[in-house]
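Have a look at this prediction, sequence included:
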Amino acid sequence: MKLTGRRAQVADLISRGYSEKMIACTLGISPDTVHSHARTIRQQLGAPNIAGITRAVLVDKFNKKIRFAFRCGLITGMYKCATHNS
């Protein structure tokens, strides 16, 4: 998942259930800016809605943890990471 720093922050907060107003307050930006970021995030991820953004963020976090576990030798074998397209 390739998002700019601010868009990644917005996507993460969306995935945690924050409203646009709560995200705006947390990040110190306007609700209109949050709405604009959310729209751009949906377009970049091909997500039809907020649930799609949440799914993409959670899959990305899961895959990062799995890759870390492989690198550390905590997991071995033929395990395949989940992808955004599955």
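Happy to help now that I have it.

Checking residue 17 next. Helix, strand or coil?
coil (DSSP: H, G, I helix; E, B strand; the rest coil).

gap between it and residue 52?
15 Å (Cβ to Cβ, to the nearest Å). Every residue, glycine included, has its C-beta placed from N, CA and C.

Out of those two, name the residue with the larger neighbour count.
Taking neighbours as other Cβ atoms under 10 Å, residue 17 and residue 52 compare with residue 52 leading, 15 against 9.

And the strands in this structure, which stretches?
For the chain, applying DSSP state E gives no strands.

which residue is nearest the centroid of it?
In the chain, the centroid-proximal residue (Cα atoms, centre = their mean) is residue 57; its distance is 2.5 Å.

which residue sits closest to that residue, ignoring its sequence neighbours?
Leaving aside its chain neighbours, residue 57 sits nearest to residue 15 (3.9 Å; criterion: Cβ to Cβ, 6 or more residues apart in numbering).

And for residue 12, the neighbour number?
Neighbours of residue 12 (other Cβ under 10 Å): 17.

Also residue 38?
So residue 38, with other Cβ under 10 Å, has 21 neighbours.

picking up where we left off before, is it true that the residue nearest to residue 57 touches residue 58?
Yes - using Cβ atoms under 8 Å, residue 15 is in contact with residue 58, at 6.2 Å.

Mind checking which of the two has more residues around it?
Ranked by neighbour count (other Cβ under 10 Å), residue 15 and residue 58 place residue 15 first, with 18 against 12.

need the contact list for that one.
53, 54, 57, 58 (Cβ atoms under 8 Å, 6 or more residues apart in numbering).

Keep only those of these that are in helices.
53, 54, 57, 58 (DSSP state H).

so what's the first one up against?
If I follow you right, that is residue 53. Residue 53 touches 11, 14, 15, 38, 41, 42, 45, 47, counting by Cβ under 8 Å, 6+ apart.

how about 10 Å then?
1, 3, 10-12, 14-15, 38, 41-42, 44-45, 47 (Cβ atoms under 10 Å, 6 or more residues apart in numbering).
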